[in-house]
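In: Here you go, sequence then predicted model.
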Amino acid sequence: MSRSVRLVPAVAAALALALTGTGCGGGVRGTPGGPGLRDPYFPKAGNGGYDVGHYALTLDYTPATRHLTGTAVITARATKDLSAFDLDLAGLRVDSVEVDGRDARYNRAGQELTVRPHDDLREGRTFRTTVRYSGVPGTLTDPDGSVEGWLPTADGALGLGEPVGSMAWFPGNHHPSDKASYDIAITVPRGLQAVSNGEPRGQSTRGGRTTYRWHTAQPMAGYLAMVAIGHFDIARSKGPGGLPVLTAVDPTQAASSTRVLARLPEIVKWEEDTFGPYPFSSVGAVIDRPDDVGYALETQNRPVFPGTPELGTLVHELAHQWYGDCVTPRSWRDMWLNEGFATYAQWLWDEDHGGDTAEQTFLSYYRAHDDALWAFPPASPSNAAHISASPVYERGAMVLHKIRQKVGDEAFFALLRAWPASHRYGNASTADFTAWVQRRFPGKDFGEIWKDWLYGDGRPAHP
């Protein structure tokens, strides 16, 4: 559906300009921002011309009708002179759009919400866009057949976003390269809970509905934003160094989850010892029912799990807080920088806790007759359907093990700590990683590793 608000008449605009002495745009003649960032796998994801600094989302959801009402206040900085800019929003009805408190024209075309502010925006200017929207949020099917977006559950809903599902429940610049802080307030029928990323900022009940408020101070990519609505047993405790731990568990999963969740502080302590200080202000987990979502996801601060997770899965998703959440891929082609590191974290956990060594795990994969593992290089998935396939995970971990063999354990474990520290809260590409490794070890030749293991087709030779 497309609609536009009524424009201010030209005479009134001219009079306002004469009275104030200047327009909001200061005589800027801008051009439209790009409707996508030309990501190699999701070219329409994200938008050009601005960087978002903060999202303030106010959501009201009724599970019985699956109706969502939302207000998104998006604070951004123009990176060029703008006459218009786009936001990603799939489905839902847009009820109004304002830029800096003034009505703005807008139109819809697929997932693109194009906004034309009253005055052009000068490069470097910080501006605030308010979008009011409503409707029944959709569930999106990814190229690999998994689902994301807004997922109705037995007693509520899950809002998940990897890779592009966040646009099903709030408008934004939905590409991993644009990270921001968040305030999310969710209102639900009394008796339900609403959990999100970051820190709880209180709750209030009025007229039979309860509002839960959450604040995420550290930068977060849109695909890592999460909302979980339903009945949860919520527990708060302290982890290493007093780190706040918050878990939200569906009551049907409470008994089976007790043992694995009791090890969460131990896992975080081991990962801090291995990867460096925990990068966020709290940690935890959300455990919903197995049928509500078909995968675990490394949503920032507290990953989401479909039922009680295995210990290795918990290790994997918590490792993403360093590799993927703190250091986020520059594009979806760089997914192995998330999954290769988190998979190798599982290998290292086993190595340190009486299981196979990482070398044994490496060799078991290398010697297995698994054509899928060698179907494409980890740094170049064949298409969008394969960004979460085995070469990205296991072969990505094998790249790291080859680096470990090349530089030795002491230097390698220093590298594991230095990578998230040197790119803290930023983005990085595969090219950034290989150049960074080469700078750290100027006397080492990594050419064979990059050529054969990271970018090469087929099964490399392994002495």
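Out: Structure received. Numbering: from 1, shown residues only.
In: Which residue is the nearest non-sequential neighbour of residue 440?
Out: Beyond its immediate neighbours in the sequence, the residue positioned closest to residue 440 (CB to CB, 6 or more residues apart in numbering) is residue 415, lying 6.6 Å away. Bear in mind the C-beta positions are built from the backbone N, C-alpha and C, glycine included.
In: got the contact list for that neighbour?
Out: 403, 407, 437, 440 (CB atoms under 8 Å, 6 or more residues apart in numbering).
In: Of those residues, keep whichever come out buried.
Out: Among these, the ones that count as buried by 16 or more other CB atoms under 10 Å are 403, 407, 437.
In: Which of those residues fall within helices?
Out: Among these, the subset assigned to helices under DSSP state H consists of 403, 407, 437.
In: okay, the closest residue to the second one other than its chain neighbours: pLDDT?
Out: It refers to residue 407. Distances taken as CB to CB, 6+ apart put residue 441 closest to residue 407, at 5.8 Å, once the chain neighbours are dropped. On pLDDT, residue 441 comes in at 97.
In: just checking, residue 441 touches residue 411?
Out: Yes. Using CB atoms under 8 Å, residue 441 is in contact with residue 411, at 7.1 Å.
In: helices and strands around the longest helix along the chain, which ones?
Out: Taking DSSP H as the criterion, the chain has its longest helix at helix 336-352. Helices and strands touching helix 336-352, by 3 or more CB pairs under 8 Å, 6 or more residues apart in numbering; DSSP states H and E, are helix 264-275, helix 311-319, helix 358-367, helix 396-407, helix 430-440.
In: mean confidence for that helix?
Out: Confidence over helix 336-352, taken as the mean pLDDT, stands at 98.
In: Please apply the same query to stretch 241-254.
Out: Per-region confidence: stretch 241-254 scores 98 on mean pLDDT.
In: in it, what counts as buried?
Out: Residues 243-250, 252-253 are the ones in stretch 241-254 that count as buried (16+ other CB under 10 Å).
In: Repeat that for stretch 213-222.
Out: Judged by neighbour count using 16+ other CB under 10 Å, the buried positions of stretch 213-222 are 213-216, 218-222.
In: before we move on, the earlier item: format the helices and strands packed on helix 336-352 as TSV; extra columns: distance to residue 47.
Out: Written out in TSV, the entries for the helices and strands packed on helix 336-352 read as follows (distance: least, CB to CB, whole Å):
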stretch	distance to residue 47
helix 264-275	32
helix 311-319	29
helix 358-367	39
helix 396-407	29
helix 430-440	22
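In: give me the number of residues near the residue nearest to residue 407?
Out: Here the number of neighbours of residue 441 (other CB atoms under 10 Å) works out to 14.
In: Same question for residue 458.
Out: Residues contacting residue 458 under the criterion other CB under 10 Å number 10.
In: And it, how far from residue 223?
Out: 31 Å (CB to CB, to the nearest Å).
In: just so I know, which of the helices and strands packed on helix 336-352 lies nearest residue 149?
Out: With CB to CB, the closest approach to residue 149 among these belongs to helix 311-319: 19.8 Å.
In: Walk me through which strands the following helix or strand past the closest one pairs with, and which way each runs.
Out: If you walk from helix 311-319 toward the C-terminus, the next helix or strand you reach (DSSP states H and E) is strand 328-329. Neighbouring strands of strand 328-329 in its sheet, by DSSP bridges, are strand 427-428 (parallel).
In: Other residues contacting the partner strand?
Out: Residues from elsewhere that reach strand 427-428 (CB under 8 Å, 6+ apart): 176-177, 179, 327-330, 334, 337, 436.
In: hmm, which of the residues you listed are the buried ones?
Out: Of all these considered here, the ones buried according to neighbour count by 16+ other CB under 10 Å are 176-177, 179, 327-330, 334, 337.
In: re earlier: so can I have TSV of the buried ones among the contacts of residue 415 showing distance to residue 228 and pLDDT?
Out: Supplementary listing: the buried ones among the contacts of residue 415 in TSV, determined by distance: CB to CB, whole Å; pLDDT from 0 to 100:
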residue	distance to residue 228	pLDDT
403	37	98
407	41	98
437	37	98
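In: For residue 134, state which of those is nearest.
Out: residue 437 (48.4 Å).
In: Please verify my assumption that residue 220 contacts residue 324.
Out: No. Using CB under 8 Å, residue 220 makes no contact with residue 324, being 11.2 Å away.
In: and of the ones in helices among the buried ones among the contacts of residue 415, the nearest to residue 107?
Out: Of all those, residue 107 sits closest to residue 437, with 46.0 Å by CB to CB.
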